[in-house]
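Participant: got a predicted structure plus its sequence, pasted below:
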Amino acid sequence: MSSLTRKDYPLGQKRADLLYTPTKKSYDQITLEAALQGDISSSDMRISPETLLMQAEIAESLNRMQLGTNFRRAAELIQLSDKKILDIYNSLRPYRSTKEELLLAAEELEQQYGAVENSKLVMEAAEVYERKGILRQEEG
């Protein structure tokens, strides 16, 4: 596949041929008629990691690097359960975690899920929280 740029945006209008659901249905298979016939499940209505990575590519082609990184993080998170995402979110709230707990969460993201961008974010948060003094202090 060639690099995606501004000319490919929005993907649904200009590159629908590249879009698939997580269950591998093509974009044009997602219709009201298919829904009424029961041919579409809730899983078909979710965005795929591949689509998010294409959005990242377009953002980065426009030098919107932070937006691209955010799309890449989102693509990594799709494979995590909602509970796991909420647990990580809560651990990132000020005074909720020790530095060690955050570093362990970052390691788990990278090792278990291959979520490298999210792992970097949690490690960066651990460093920033330490500098700002907003880590939970270990008891004892």
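Facilitator: On my side now, so go ahead. Residues are numbered from 1 along each chain as shown.

Participant: for this structure, which helix is longest?
Facilitator: helix 116-132 (DSSP state H).

Participant: mind checking how far it is from the chain centre?
Facilitator: Mean-position distance between helix 116-132 and its chain equals 16 Å (CA atoms, centre = their mean, to the nearest Å).

Participant: what packs against it?
Facilitator: If contacts are counted by 3 or more CB pairs under 8 Å, 6 or more residues apart in numbering; DSSP states H and E, helix 116-132 sits against helix 65-77, helix 99-113. (C-beta placed from N, C-alpha, C; glycine too.)

Participant: in JSON lines, list the ones you listed along with mean neighbour count, mean pLDDT and distance to residue 22.
Facilitator: As requested, these are exported to JSON lines (neighbours: other CB atoms under 10 Å; pLDDT from 0 to 100; distance: least, CB to CB, whole Å):
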{"stretch": "helix 65-77", "mean neighbour count": "18", "mean pLDDT": "98", "distance to residue 22": "11"}
{"stretch": "helix 99-113", "mean neighbour count": "17", "mean pLDDT": "98", "distance to residue 22": "16"}
